[in-house]
Structure formats: structure tokens, C-alpha cells
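> I'd like to go over a predicted model; first the sequence, then the structure.
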Amino acid sequence: MSGNRKLIIEDVKVIVSCPGRNFVTLKITTESGIYGLGDATVNGREQAVATYLREHVAPCLIGRNAHEIEDIWQYLYKGVYWRKGPINMASIAAVDVALWDIKGKAADLPVYELLGGKSRRGVGVYVHATGNTVEDTLDRAGELVGQGYQAIRLQSSVPGLDGSYGVLGDKKDYFELQNDRPLPPEHPWSTKKYMNSIEELFVEARKRFGNELHLLHDVHSRLTPIEAARLGKMLEPYDLLFLEDAVAAENQESYRIVRDHTTTPLAIGEIYNTIWDCKDMIQNQWIDYIRTASTHAGGITALRRIADFAALYHVRIAPHGAPDLSPICYAAQSHIDIWAPNFGIQEFVGFGTEKSNEVFSHDLKMVDGMLHVGDRPGLGVDFDEEAAAKYPYNRSYLPVSRLEDGTLWSW
Ligand code: KDG
Ligand code: MG
């Protein structure tokens, strides 16, 4: 199993750094000197995936032909016996993405050309407007509209609760680590208070911006299926592009209940590790957008498969793009976005901080609210190891949610 053009893997390096956020970066170098980069960041569990890569994956890669992306993917998936899971799949993703990077560099072509070429001029994105009040949120949305963005996710604090999803209180922005506390910060939640206040945000948004702007909202899995169904119905008049993670769906059938009651388009998938996590929802057309990310769902190879499967059922891809996805993950899925015939929209939260831009360079560009993928061979991303060494790992946790009586809830 190998052609004449072998690219033998000589070195595999795992680097955990914190240029503003913790990132797990994989660098695979071949005997020819061509190297590829992958991302294996699992927010809040970075050292687990780094150890898994170093101890269990790297030794199996040395001496293999980097061109055999599919075989290596299957080897790491079927070959470990313990299939799926966030740590395993993020590790497979990092290897897979690094190998696509290598293949692109060897072919002197950007990865999207290897996938089949561009299907569109640029990648449409949605950005975040969050605020402590409806007015603050809409003022922020107004600034983003002024910058040319055409799709905006709105999150506003729930009156009477200290923090709500996506609204970080005294944090300046979404890029900041949550590591000023030794343990996960705790946020209160009340479904009643949320359901009583959420409609106003969209009433006011439509009053202020009219009907052309695309609006989105992320519920972060806080509702039960029937509550999610009611929310979908409530928000129908405001014509959302999608309602995200309205309900957690380890039980995929939950989405049938939501779907049966509302025409608000539904999106889910940022925490899914494989196509199996969303197969029933896609196949039954209970959702409209699948949000799996390159890092968490097994890399370019896996994301391409999910996209092709979803296309059969009119489901479009809308990859997760929060700040805990490194620029390598972001580049990888941008190549999928520009290629996929059933691309929907890409989440975008900016190109990182000053520190992260010192460590990662990329050739993505934002022009008039649209992301443009560059023409550099491979992924078009580079990683400065010396700069990364200046920013050591810094333990940080995502928050947790509790109901007002103390019951642990989904954050
Ligand atoms: O690591 C968790 C974050 O990436 C998540 O909270 C962001 O839900 C999110 C989103 O839609 O960007
Ligand atoms: Mg989300």
C-alpha cells in the first residue's frame, strides 16, 4: 500500500501553549522537510488530548507515508478498538489536518483544490453581538452591521440572572480566559426568566434593523424538547437563520419533538465527535444546519464525509468557530466551507488576539463580511514555536450552570 511518491513521517511534536487561550498544536514533519500542522484543542481538557497524542498516537506515526491520509485515519479510528470520544477524535483530527496540510504543500496546491475546488467566491459568516441589556446587544450589532456583517448572533443577559450564555459580565470579550478562578465559575439559570425575556431581543432587533439582516441565537442546550419547541414557535415571526443547540440531543429523537412544532430552522453539532452523533437528526431532516468542527469531529476527512451525507437531506454545514478553536482548525474548515456544495454559514469571532497572531500566521482575509481563503499551498497557516514557548499552558475551565435552587444544569 504505497505509491512511488512516499513522504515518510520522521517527527511528531505536540505543543501546548496559551497565547491568550490554550491551544494544542500538532506538528508532523516528513523526511523531505515538508511539515504539516494540526489542532487538537479540547477546551478545558487540553492536557488530556496532548498526553494521548504524545503517548499513544505519535509512536504509531513514525515511518508511515504521510500521503496515506485515509489509511492513517482508519488506523487511528478502527485500530484503537475504543472508537469515538472527544479526546480520541480531536487527536485523529489533528493528525488528519496535518496530513492534508502536508499533501497540499507537496502538491503545491491549497487544500480546497484537493477537495474539488471552490464552489463560491467567499465564505459567508455570522458574528456575535452580546450585551448585558437588549440595548447594549443591539448597539453592538449596529457596529457590526456598520462593518459589513450580514448575519449576527444575538445573546443578551437574562434580567434577574447574573450571567447568561455568551455574555461574560465583567470580561471584556469572548476571547478572555476564565482562569481567574481555580475552579469552574458558576452561572445561575432560570428557564422561566429566559423564556419571559428572550422575545424582546428579537422584537427590538427587527424594529432596529428591518428584515434583511440575518439573525441567529444560541440556547446552549438549556431547554427541554417541549420548551425548545415553544421557543422555536415564539421566535418564528423574527425569521432566524437558525436557532442553535435549543436542546441537548444525546437522544437524537428529542429533535423530532422540536421539529414537529416549529418552522424556525434548527442547528446543532459543535460538541459532536462523529457522524454517528447526528446521523438520525440529519437522516430524518429534523435539523437544518450541522455545526461539527474540524477539530472535534475528526478532521477534514470526517467533516467532508459529514457534509456529503448531510447534503442528501438538505442539511447544510455551519462549522463551530468559537475562540477556543485554533487558527489551524479555523483554516482547515475554511477550506471545507469554500468547497462544500451544501455550505451554509461559518461562525466567526475575529482573527485572534495580538498574542495568538504572533504565534499563528494565516492567509485568511475578511472583506465586507465575507471570509476569503488564500492560495498558499496546504492550509495556509504557520506556527512559530519560539513565540509559542513564551506563552505556557494556563489551566482554565468553562463555566458551569446551576438552577436557582442549586441543581446542576447545562452551561
Ligand atoms: O468551548 C465551548 C465554546 O466553544 C462554546 O461555548 C461556544 O457555543 C459556542 C458557540 O456557538 O460558539
Ligand atoms: Mg454554540
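Looks like it came in fine. Ligands and ions are numbered 1, 2, ... in the order given.
> alpha carbons only for contacts and neighbour counts from here, please
Noted.
> Cross-check the contact I'm expecting between residue 297 and residue 272.
Yes. The pair residue 297 / residue 272 is scored as a contact, 6.1 Å apart, by Cα atoms under 8 Å.
> what is in contact with those two at once?
Taking Cα atoms under 8 Å, 6 or more residues apart in numbering as the contact rule, residue 297 and residue 272 both touch residue 86.
> For the chain, which residue gets nearest to ligand 1?
residue 322 (4.1 Å; Cα to the nearest ligand atom).
> Residue 297 and residue 272 - which one has more neighbours?
Neighbour count, other Cα atoms under 10 Å: between residue 297 and residue 272, residue 297 has more, with 30 against 22.
> dump the residue contacts of the closest residue to the more buried one other than its chain neighbours.
Excluding its sequence neighbours, the residue lying closest to residue 297 (Cα to Cα, 6 or more residues apart in numbering) is residue 273, at 4.0 Å. Going by Cα under 8 Å, 6+ apart, residue 273 touches 84-86, 89-90, 292, 296-298.
> re earlier: ok, the closest residue to the residue of the chain closest to ligand 1 other than its chain neighbours - contacts?
Nearest residue to residue 322 in three dimensions, chain neighbours excluded: residue 349, at 6.3 Å (Cα to Cα, 6+ apart). Neighbouring residues of residue 349 by Cα under 8 Å, 6+ apart: 127-128, 321-323.
> swap in residue 253?
280-281.
> One more pass at 7 Å, please.
If you count contacts by Cα atoms under 7 Å, 6 or more residues apart in numbering, residue 253 has none.
> Following the chain onward from the helix or strand harbouring residue 97, which element is next?
Per DSSP states H and E: residue 97 is located in helix 86-107. Using DSSP H and E, the helix or strand that directly follows helix 86-107 along the chain is helix 111-115.
> Any buried residues in that following helix, and which?
111-113, 115 (16 or more other Cα atoms under 10 Å).
> for these, which one is nearest residue 218?
In terms of Cα to Cα, no member of these lies closer to residue 218 than residue 112, at 29.1 Å.
> which one is the closest one nearest to, not counting chain neighbours?
The nearest residue in space to residue 112 (Cα to Cα, 6+ apart) is residue 335, at 4.8 Å.
> Assumed the one you found was part of a helix.
Yes. According to DSSP: H, G, I helix; E, B strand; the rest coil, residue 335 belongs to a helix.
> Give me the distance between it and residue 300.
9 Å (Cα to Cα, to the nearest Å).
> and the residue of the chain closest to ligand 1, which of the three is it?
coil.
> how about it, phi and psi?
phi -70, psi 170 (degrees, to the nearest 10).
> What is the burial count for it?
A total of 18 residues lie near residue 322 under the criterion other Cα under 10 Å.
> Give me the neighbour count for residue 332.
30.
> so what's the residue nearest to residue 193 when sequence neighbours are not counted up against?
Ranked by Cα to Cα, 6+ apart and with sequence neighbours excluded, the top spatial neighbour of residue 193 is residue 158, at 6.7 Å. Taking Cα under 7 Å, 6+ apart, we find residue 158 in contact with 164, 193-194, 197.
> isn't residue 245 right up against residue 268?
Yes. At 5.0 Å, residue 245 counts as touching residue 268 under the criterion of Cα atoms under 7 Å.
> who has more neighbours, the two?
residue 268 (30 against 21).
> contacting residues around that one?
Counted by Cα under 7 Å, 6+ apart, residue 268 has contacts 244-245, 289-291.
> The nearest residue in space to residue 219 that is not next to it in sequence: neighbour count?
Nearest residue to residue 219, sequence neighbours excluded (Cα to Cα, 6+ apart): residue 246, at 5.0 Å. Using other Cα under 10 Å, residue 246 is surrounded by 25 other residues.
> same check, this time on residue 43
Using other Cα under 10 Å, residue 43 is surrounded by 17 other residues.
> How about the one 4 residues further on?
For residue 47, the count of nearby residues is 19 (other Cα under 10 Å).
> what does residue 367 give?
By the criterion of other Cα under 10 Å, residue 367 has 12 neighbours.
> Need the pLDDT of it.
Per-residue pLDDT puts residue 367 at 93.
> Geometric centre of the chain: which residue is closest?
Nearest to the geometric centre of the chain sits residue 320, at 2.4 Å (Cα atoms, centre = their mean).
> Now residue 236: closest residue in space that isn't a chain neighbour?
residue 264 is the one closest to residue 236 (Cα to Cα, 6+ apart), at 5.5 Å.
> helix, strand or coil for the one you found?
coil.
> Let me see the contact set for it.
Going by Cα under 7 Å, 6+ apart, residue 264 touches 232-233, 236, 240, 242-243.
> Now do the helices for the stretch 251-400 of the chain: every range, in order, please.
In the stretch 251-400 of the chain, the segments counted as helices under DSSP state H, counting those that start in this stretch are 254-261, 279-283, 299-311, 327-339, 354-359, 385-389.
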